[in-house]
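Undergrad: Quick check, what structure comes out for this input:
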Amino acid sequence: MAYLLSFVLLLGFASFAEATVVISEVLADPPSDLAGDANQDGVRDTYEDEFIELYNAGSAPVDISGWRLGDSSPSSDSFFQFPANTLMEPGSYAVLFGGGNPTGFTVPVFTDDVRIGNGLTGKGEDIHLIDDTGDTVAVISHDDWPSKQSLVRNPPDGGLLVPHKTVSTIKALFSPGHTHIIPKPDYPLFISEVLADPPSGLAGDANRDGQRDVYEDDFIELYNAGSNPISLAGWRLGDSTAPKNSFQFPADAVIEPGSYIVLFGGGNPSGFTVPVYTDDGKIGNGLTSKGEDVRLIDNNGHEIDVVSHDDWPKDQSIIRTPPDGGPFVPHKTASPTQAPFSPGHTPETRPILTYPLVISEVLADPPSDANRDGQYDPHEDEFIELYNASSVPISLAGWRLGDAGSLSNYFRFPAKAVIAPRSYVVLFGGGKPLGFTIPVYTDDGTIGDGLTDSGEAIHLIDDHGHEIAFLSHPTWPDDQSL
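TA: So this is what the prediction gives:
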């Protein structure tokens, strides 16, 4: 397509300060879908995402209060008028969108009444900037706007107007509020782990919200190998589908040096010590076990890291080892404990410790009020007792205790839980235990899914997922403990 030379008229009756303000970019044909969401409000609209950008090429601020900007005739009533106290700093921009709710901009942005003038047309027209006295400051006349991209001035202080992609270092379609020539920074950030196939059952509850979901428990982990915090504001992370499906980090997102952040598909992540985020129920259009590309894109459109994998490992994540640039391997091959994933930390490297703890008593068929709260309940009066046979106290913080049902039903000991040397702790199904001289805890009304007379397995799991004690019995005794 031939692009006719566009021009700007800086008329003699405009002041010197006014003459430094130029029309630097125009988007009249927003690309399809969310790729055309120029105002960054989450919705692509033919008219609302159109924009006109102004640039102050001078060395002094310019007050554009009362100035008008729009298409067609300069006398048109449809021109947008800038409000009072609108100041353009030297070397900076202001942007007028057709409408919507622009977000994430660091320069002044304005919105017209759903469209600019009578709506910019792909066939071209005149754009006029008029000062508060009615004098014309700048005009762009163009016969045919470029398709699905903006027309941008290169450089912005008076150069020719050209299709945006021809001068963008990253082939961006538009750049409202900033220059299109942005060198790609060298960030020490890595996609360090990806889980695309959560294991079955509660073993796949990667986000620790108590339930396993094929999409919500998918995750992508990032690692900052540098020595400084890095802002992720406006960055995007997702799979190889359209940009509209990529997660966008909020304005306050920061990844600390030598640390991680994790993006889950959804759910209500709990128990993490690093920042975690959730997408809208799935990452992109849902990570697939057949493999795809996962991309980290900065707020200027640069691809900072990409993981391309043809076939994700089954029932486990793929992890970079070491996290600062090493090769990707299936998680279990890097985890001494054979863990299937490790969002927010490195694979557990400590050996499985041998604790002198035993499951010392189990009551699955209460004959009476075992928890001493004044009432009998067949589930609340069930209990599991632990005994510490050693001469030192042992922290139970984060440990889990329950029957052989799903992990979501296991009781989790609180942060201050400790079992004293040669002493006990007791977990009741519920109620309000009274009169005990040792620590007692209550589950949510039942232990696990409820201990059954026909027997089952009882597991004590430490905070790293190691099984510390195990008791399996085919049939619990009637009306008494084992």
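Undergrad: now stretch 85-93: mean pLDDT?
TA: Mean pLDDT, computed over stretch 85-93, is 90.
Undergrad: can you give me the helices for this protein?
TA: 16-19, 331-334 (DSSP state H).
Undergrad: Comparing the ones you listed by mean pLDDT, which bottoms out?
TA: helix 16-19 - the lowest mean pLDDT of these, at a mean of 49.
Undergrad: Identify the residue nearest the residue nearest the centre of the chain in space, chain neighbours excluded?
TA: For the chain, Y277 is the residue whose C-alpha lies nearest the centre (CA atoms, centre = their mean; 4.2 Å). Once flanking residues are discounted, Y277 sits nearest to L263: 5.0 Å by CB to CB, 6 or more residues apart in numbering. Where you see a C-beta, it was placed from the backbone N, CA and C, and this is true even at glycine.
Undergrad: any idea how far R295 is from the one you found?
TA: 12 Å (CB to CB, to the nearest Å).
Undergrad: Mutual contacts of those two, please.
TA: Taking CB atoms under 8 Å, 6 or more residues apart in numbering as the criterion, L263 and R295 both touch L237.
Undergrad: how deep is P275 tucked in, by neighbour count?
TA: The number of residues packed near P275 is 19, by other CB atoms under 10 Å.
Undergrad: again with D33
TA: D33 is flanked by 12 other residues according to other CB under 10 Å.
Undergrad: what's the distance between it and G326?
TA: For D33, the distance to G326 - CB to CB - is 36 Å.
Undergrad: Hmm, D280 and the residue nearest to Y277 touching each other?
TA: No - using CB atoms under 8 Å, L263 is not in contact with D280, being 11.4 Å away.
Undergrad: Looking at these two, which is more packed in?
TA: L263 (22 against 11).
Undergrad: can you count the residues close to Q81?
TA: By other CB under 10 Å, the burial measure for Q81, its neighbour count, is 16.
Undergrad: Now do the contacts for it.
TA: So Q81 contacts G66, W67, R68 (CB under 8 Å, 6+ apart).
Undergrad: Columns pLDDT, distance to A94 and neighbour count on top of the residues you listed, output as CSV?
TA: Formatted as CSV, the contacts of Q81 follow (pLDDT from 0 to 100; distance: CB to CB, whole Å; neighbours: other CB atoms under 10 Å):
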residue, pLDDT, distance to A94, neighbour count
G66, 93, 14, 14
W67, 94, 10, 24
R68, 93, 13, 21
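Undergrad: Which member of those is positioned nearest V152?
TA: W67 (21.1 Å; CB to CB).
Undergrad: who are the neighbours in contact with the closest one?
TA: By CB under 8 Å, 6+ apart, the neighbours of W67 are Q81, F82, T86, L129, I130, D131, D132, V137.
Undergrad: now those: which count as buried?
TA: Those of the contacts of W67 that meet the buried threshold are Q81, F82, T86, L129, I130, D131, V137, by 16 or more other CB atoms under 10 Å.
Undergrad: what about V358, distance to V307?
TA: 45 Å.
Undergrad: which one of these two has more residues nearby?
TA: Shown here are V358 and V307; by other CB under 10 Å, V307 has more neighbours (20 against 16).
Undergrad: That one touches I191, doesn't it?
TA: Yes - counting by CB under 8 Å, V307 does reach I191; the two are 4.8 Å apart.
Undergrad: now the strands for the stretch 51-200 of the chain?
TA: 51-56, 62-63, 68-71, 80-81, 87-88, 93-97, 109-111, 125-130, 136-142, 151-154, 160-163, 189-195 (DSSP state E, counting those that start in this stretch).
Undergrad: Of all the ones you listed, which one is nearest Y387?
TA: Nearest of those (CB to CB): strand 189-195, 37.1 Å.
Undergrad: What helices and strands are in contact with that closest one?
TA: Counting contacts by 3 or more CB pairs under 8 Å, 6 or more residues apart in numbering; DSSP states H and E, strand 189-195 packs against strand 219-224, strand 292-297, strand 303-309, strand 318-320.
Undergrad: Tell me which of the ones you listed sits most buried.
TA: strand 219-224 (a mean of 26; mean count of other CB atoms under 10 Å).
Undergrad: one step back: how about the helices and strands packed on strand 189-195 in TSV, adding distance to L160 and mean pLDDT?
TA: Below are the helices and strands packed on strand 189-195 laid out as TSV (distance: least, CB to CB, whole Å; pLDDT from 0 to 100):
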stretch	distance to L160	mean pLDDT
strand 219-224	40	95
strand 292-297	29	84
strand 303-309	29	83
strand 318-320	45	90
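Undergrad: As JSON lines, those with distance to D41 would be great.
TA: As requested, the helices and strands packed on strand 189-195 are exported to JSON lines (distance: least, CB to CB, whole Å):
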{"stretch": "strand 219-224", "distance to D41": "25"}
{"stretch": "strand 292-297", "distance to D41": "19"}
{"stretch": "strand 303-309", "distance to D41": "24"}
{"stretch": "strand 318-320", "distance to D41": "35"}
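Undergrad: quick one: which of these is nearest Y410?
TA: Using CB to CB, the helices and strands packed on strand 189-195 put strand 219-224 closest to Y410, at 21.4 Å.
Undergrad: tilt between that closest one and strand 292-297?
TA: 40 degrees (axes from the mean of the first three to the mean of the last three CA atoms, to 10 degrees).
Undergrad: helices and strands around strand 219-224, which ones?
TA: So strand 219-224, by 3+ CB pairs under 8 Å, 6+ apart, packs with strand 189-195, strand 260-264.
Undergrad: Ok, which of those strands comes nearest E50?
TA: With respect to E50, and counting by CB to CB, the nearest of these is strand 260-264 at 31.9 Å.
Undergrad: List the neighbouring strands of the closest one plus their orientation.
TA: strand 219-224 (antiparallel), strand 276-278 (parallel) (DSSP bridges).
Undergrad: That one: how far from the chain's middle?
TA: In terms of CA atoms, centre = their mean, to the nearest Å, the centre of strand 260-264 is set 7 Å apart from its chain centre.
Undergrad: What pLDDT is listed against the nearest residue to Y387 once chain neighbours are set aside?
TA: Among residues not flanking Y387 along the chain, S360 sits closest, at 3.9 Å (CB to CB, 6+ apart). S360 is assigned 92 on the pLDDT scale.
Undergrad: Likewise for the one 10 residues further on?
TA: Among the per-residue scores, A370 shows a pLDDT of 91.
Undergrad: try I140
TA: 87.
Undergrad: Repeat that for the one 4 residues further on.
TA: Per-residue confidence (pLDDT) for D144: 78.
Undergrad: Run a quick check on it versus E125, I expect a contact.
TA: No - using CB under 8 Å as the test, D144 is too far from E125 to be in contact (10.1 Å).
Undergrad: between the two, who's got more neighbours?
TA: E125 (21 against 15).
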